[in-house]
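K.L.:
have a look at this prediction, sequence included:
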Amino acid sequence: MSHQLREHIEKVISLTDEEYQFIFSHFTHKRYKKHQFMVQVGEPVLHNYYLLSGLTKLVYTDQKAKQHILAFAMEDWWDNDFQAYYTRTNATLSMECLEDTEALCLSLDNFKALRVGLPKIEAFFLERVTNGFLAAQRRILSLMTTSVQERYEQLIRQQPKLLQRVPKTQLAAYLGVSREALSRLSF
């Protein structure tokens, strides 16, 4: 588990063994069962999550109880209700495990301590935030400007492993259509 995070960080910055031990000491390791919530609406978001294994979905449930899936996350990804985490407010999104999941958890206080204790970690987190922001912009534009079939084909190209792990009902919710509409598409 330790090597996975190090390899992830070293895609952006190089680390000495001492620097990595300092970083790793700020994380806690947790295991979650399938269908368990890592983040629940109305509760404080105490950690940011780096997934070692498993699969999660980040969901917004509207006033009519319709679920809108914002994101899926799998191994080597970070996910969370970031607004609640960074502002220390209660979650407006939920994060549920679709498979048994292992994560390294970083509290906001430990995140801040890392940035003070090892300033070069800022470059890593800036890279992660920038990539996440760009992906969110692409997703918004895709939802606004492409057909369901185009979005599905884009999903196949960008995240082929996801299709084997996520039920079509959930893929439909992610793509913003009904399960029936997704089934009618010709592939």
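P.N.:
Noted; the coordinates are in hand. Numbers count the residues shown, from 1 in each chain.

K.L.:
in the protein, where is pLDDT below threshold?
P.N.:
Along the chain, the parts satisfying pLDDT under 70 run over 1, 186-187.

K.L.:
measure the residue nearest the centre of the chain to residue 58 for me?
P.N.:
Residue closest to the mean C-alpha point of the chain, counted by CA atoms, centre = their mean, is residue 79 at 2.5 Å. Distance, residue 79 to residue 58, using CB to CB, to the nearest Å: 6 Å. Glycine gets a C-beta too; all of them are placed from N, C-alpha and C.

K.L.:
joint contacts of these two?
P.N.:
71, 73, 95 (CB atoms under 8 Å, 6 or more residues apart in numbering).

K.L.:
so can I have a markdown table of these showing neighbour count?
P.N.:
As requested, the shared contacts of residue 79 and residue 58 are exported to a markdown table (neighbours: other CB atoms under 10 Å):
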| residue | neighbour count |
| --- | --- |
| 71 | 18 |
| 73 | 22 |
| 95 | 26 |
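
K.L.:
nearest to residue 148 among these?
P.N.:
Nearest to residue 148, judged by CB to CB, of those is residue 71 at 17.9 Å.

K.L.:
can you give me the helices in the protein?
P.N.:
Secondary structure of the chain, counting by DSSP state H: helices at 2-9, 17-24, 82-87, 108-117, 121-145, 148-158, 160-165, 168-175, 179-184.

K.L.:
how many other residues sit next to residue 166?
P.N.:
Residues within reach of residue 166, counting by other CB atoms under 10 Å, total 21.

K.L.:
wait, it sits on residue 69?
P.N.:
No: taking contacts as CB atoms under 8 Å, residue 166 lies outside contact range of residue 69: 9.1 Å.

K.L.:
common neighbours of these two, please.
P.N.:
Counting by CB under 8 Å, 6+ apart, the residues touching both residue 166 and residue 69 are 57, 174.

K.L.:
of the shared contacts of residue 79 and residue 58, which is the nearest to residue 42?
P.N.:
Nearest member of those to residue 42, counting by CB to CB, is residue 95, at 13.2 Å.

K.L.:
which residue is the nearest non-sequential neighbour of the closest one?
P.N.:
residue 39 (3.9 Å; CB to CB, 6 or more residues apart in numbering).

K.L.:
surely the one you found touches residue 82?
P.N.:
No: counting by CB under 8 Å, residue 39 does not reach residue 82; the two are 10.3 Å apart.

K.L.:
out of the helices of the chain, nearest to residue 49?
P.N.:
The closest of those to residue 49 is helix 82-87. By CB to CB, the value is 9.4 Å.

K.L.:
cheers, nothing more for now.
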